[in-house]
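Asker: Pasting a predicted model and its sequence here:
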Amino acid sequence: ALTLDCEGLESDDPATGRMLLFSKNKATLNRLQSTFPNMEVDIEGNSQFPSAGLQHLADHLFCEPHNTSESAPNCSGMEIIAASSVQQELEEVAQRIKALLSNDRVHPQEIAIVFRSLDELTPRIREVLTDYGIPHHIESQARLATCPLYRTLVSLLRLHAEDWPFALLLEVANNHLISSWDALTTEGSTTAARASLERCIRSAQLPGGRQLLFDQLQRWIENTETSSSYTQQLSSQAQLSLQLLEPLATSFDQLPREATLSQWIRELEKLLVEIGVIPDKPFTSEIDNSTERAIHSSWQVLKRGLKAIESLDSQIESNPIAVNITGFLEILETTARDQRLPGNSNQVGCVRVFSSESARHVTVKYLFLGGLSEQSFASVAERNPLFDVRRFDQQSIVQQSNVSEQEQLNTDSLQLFYELVTRATHQLTLSYPALDAKGQPLSPSPLLVELKRCFGTTNKPQKKTTHTQNHTTQNQPQPNPPNTKQTQPPPN
């Protein structure tokens, strides 16, 4: 069984102005029907909303202007917030969620917050929701490139590939994930051992070169011409430094010059075990050490990503491709940038926070769609994307023959926005920062302007502008707002 969004499939009338908007759905259905002529198609009706405003939005968003009723229904279930800043926007959203949760009939899992991207906003969202005492689960997962294991692995490989440069050697010397060094001490002090290594590296003042460093350490150890306390201390520290560095150098020498990705994975796992970054024992879920669990999880994600790349290459090339350490570092960087670490999957009793791509198929009663500024929710083209939606005839839309890549990107942006604003069944709140960090005005997304246009000239979703002057919230008049309501923010 295959499922498709039924929007745009029931009617072939191009007069609605939304044919290109749902052209992917139509083209996919046509392709399936041509491939499987006997396939049964069951088209179910669109969702029905208890709110007249939300129902009108689902039926008329991105329609031709002449198909939009001049006397649109009451915009119940919708609100637009124009905040003075991103921080103020998040606080306005938190206040409304707090007010909803004060009603015993509203549960946290019935509320969702959506932004186009969570990469930069996650710390702010977490801080605001925590300050308001709102239980929450943020979908955003950290990228593999941010984890300590990846940074340690890259530092080690670069140290070997670049012949032990000064800055990288200091970085590795102070990396406490290398636990094998913790046991190599003369006085039982790990801190003293690492401090001795760092002092020797700095005293040598060598820009790079493993053999040059080892030769200098050996000269300090063998220096018996003077018996000063400084010389004796330096000799002792050099001896301890060699005990730390020689096993690492031996492990580096065992790395291949060129190898396939599978071979690199095996050799790196061996290296990480030898220097104590990952344990030399099977991992069990009962392990209490959170750091060890995080390292194991990161390593598994990295291995899966590298194996996926090798699997894809094997479909193109008959023999596995061997890469040197420089090429492997490039592949490692790409993998770590694309892969994400697993997060906490427990969402019970929490307000959920999604990125737009994750939320497009999540249905909730109360949806807060934020960050609707021109920069985040804008057309990828310079001109209005709605022009692309309305200028194709039915035949070109169905055949996709006249749809350029740029115009398809515009369509994808429109369809994403449509799917997001139709995810709420009871209440839809849209928000955007009206000022940037320098106090300059910001324009709302043209898609938000289009949303208001679909309600005609007599009814529009109520719009509230917030300011932070003297820590108060003020309602400001909006241009052409015949029936705009002035509302007070909910209590904290």
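Answerer: Perfect, I can see it now.
Asker: Tell me the pLDDT of the residue nearest to H361 when sequence neighbours are not counted.
Answerer: Nearest residue to H361 in three dimensions, chain neighbours excluded: E419, at 7.4 Å (Cβ to Cβ, 6 or more residues apart in numbering). From N, CA and C alone the C-beta is placed, and that goes for glycine too. E419 is assigned 89 on the pLDDT scale.
Asker: One more: A83?
Answerer: 93.
Asker: quick one on the thing from earlier: surely the residue nearest to H361 meets T363?
Answerer: No: here E419 does not reach T363: they are 10.5 Å apart, not a contact under Cβ atoms under 8 Å.
Asker: Please say which of the two ends up with more neighbours.
Answerer: E419 (16 against 12; other Cβ atoms under 10 Å).
Asker: quick one: average confidence on stretch 128-147?
Answerer: Stretch 128-147 comes out at a mean pLDDT of 87.
Asker: Please read the previous query as pertaining to stretch 181-192.
Answerer: Here the average pLDDT along stretch 181-192 is 61.
Asker: And for this protein, the residue most distant from the center?
Answerer: E225 (60.6 Å; Cα atoms, centre = their mean).
Asker: Just give me the neighbour total for S311.
Answerer: The burial count for S311: 10, using other Cβ under 10 Å.
Asker: Just to be sure, it is in a helix?
Answerer: Yes: the assignment for S311, made by DSSP: H, G, I helix; E, B strand; the rest coil, places it in a helix.
Asker: In contact with the closest residue to L448 other than its chain neighbours, which residues?
Answerer: Of all residues not flanking L448 in the chain, L372 sits nearest, at 4.8 Å (Cβ to Cβ, 6+ apart). Shown in contact with L372 (Cβ atoms under 8 Å, 6 or more residues apart in numbering): 430-432, 444-445, 447-448.
Asker: go again using 10 Å as the cut-off
Answerer: Residues in contact with L372 (Cβ atoms under 10 Å, 6 or more residues apart in numbering) are 80-82, 89, 115-116, 378, 417, 420-421, 430-433, 444-445, 447-449, 451.
Asker: In helices, which of those residues fall?
Answerer: 89, 417, 420-421, 447-449, 451 (DSSP state H).
Asker: export the residues you listed to TSV and tack on neighbour count?
Answerer: As requested, those are exported to TSV (neighbours: other Cβ atoms under 10 Å):
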residue	neighbour count
E89	26
F417	26
L420	24
V421	22
L447	24
L448	23
V449	14
L451	25
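Asker: Reformat those residues into CSV and put distance to E310 next to each item.
Answerer: Output for the ones in helices among the contacts of L372, formatted as CSV (distance: Cβ to Cβ, whole Å):
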residue, distance to E310
E89, 44
F417, 38
L420, 36
V421, 41
L447, 41
L448, 45
V449, 48
L451, 46
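Asker: any idea which of those residues is closest to Q55?
Answerer: V421 (12.2 Å; Cβ to Cβ).
Asker: Contacts only, for that closest one.
Answerer: Contacts of V421 by Cβ under 10 Å, 6+ apart are 54, 57-58, 61, 78, 114, 367, 369, 372, 428, 430, 447-448, 451.
Asker: Determine which two of these are furthest apart.
Answerer: So, the contacts of V421 by Cβ to Cβ: farthest apart are A58 and L372, at 17.9 Å.
Asker: Could you pull out the strands in the stretch 351-492 of the chain for me?
Answerer: 351-355, 364-369, 424-433, 462-465 (DSSP state E, counting those that start in this stretch).
Asker: The second one pairs with which strands?
Answerer: Looking back up the chat, that one is strand 364-369. When pairing is defined by DSSP bridges, strand 364-369 lines up against strand 111-115 (parallel), strand 424-433 (parallel).
Asker: Give me the mean pLDDT for that strand.
Answerer: 96.
Asker: Just name the closest of the ones in helices among the contacts of L372 to A336, please.
Answerer: L420 (29.4 Å).
Asker: The closest one touches L367, doesn't it?
Answerer: Yes: with contacts counted by Cβ atoms under 10 Å, L420 reaches L367, the gap being 7.7 Å.
Asker: and for these two, which residues touch both?
Answerer: 114, 354, 359, 428, 430.
Asker: Output the below-cut-off pLDDT ranges for the stretch 251-400 of the chain.
Answerer: 282-290, 343-345, 377-400 (pLDDT under 70).
Asker: Let me fix that, I meant to ask about the stretch 101-250 of the chain.
Answerer: Checking the stretch 101-250 of the chain against pLDDT under 70 turns up 184-191, 224, 226.
Asker: 90 - rerun?
Answerer: Where the stretch 101-250 of the chain drops to pLDDT under 90, the residues are 103-105, 117-123, 126, 138-148, 176-177, 179-195, 222-234, 236.
Asker: Which residue lies nearest the spatial centre of this protein?
Answerer: Mean-position check on the chain, Cα atoms, centre = their mean. Result D119 at 4.6 Å.
Asker: mind checking the SS state of it?
Answerer: D119 - assigned by three-state DSSP - is coil.
Asker: Grab the nearest non-local neighbour of it.
Answerer: Per Cβ to Cβ, 6+ apart, closest to D119 is S140, 6.9 Å.
Asker: The one you found contacts E357, correct?
Answerer: No: with contact defined as Cβ under 10 Å, S140 does not reach E357; the gap is 11.6 Å.
Asker: between the two, what contacts are shared?
Answerer: Joint contacts of S140 and E357 (Cβ under 10 Å, 6+ apart) are S117.
Asker: Have a look at those two and say which one is more surrounded.
Answerer: S140 (21 against 13).
Asker: and the more buried one, what does it touch?
Answerer: 115, 117-123, 125-126, 340, 343, 353-355, 358.
Asker: would you say it is within a strand?
Answerer: No: if the criterion is three-state DSSP, then S140 is coil and not within a strand.
Asker: gap between it and P148?
Answerer: Separation of S140 from P148 (Cβ to Cβ, to the nearest Å): 19 Å.
Asker: Ok, K98 next?
Answerer: From K98 to P148 the distance is 36 Å (Cβ to Cβ).
Asker: and A145, how many neighbours?
Answerer: 18.
Asker: For it, give me its contacts.
Answerer: 151, 154, 332-341.
Asker: Reformat those residues into a markdown table and put distance to A161 and secondary structure next to each item.
Answerer: A markdown table is the format used below for the contacts of A145 (distance: Cβ to Cβ, whole Å; DSSP: H, G, I helix; E, B strand; the rest coil):
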| residue | distance to A161 | secondary structure |
| --- | --- | --- |
| R151 | 16 | helix |
| V154 | 10 | helix |
| L332 | 12 | helix |
| E333 | 13 | helix |
| T334 | 17 | helix |
| T335 | 17 | helix |
| A336 | 17 | helix |
| R337 | 19 | helix |
| D338 | 22 | helix |
| Q339 | 22 | coil |
| R340 | 27 | strand |
| L341 | 26 | coil |
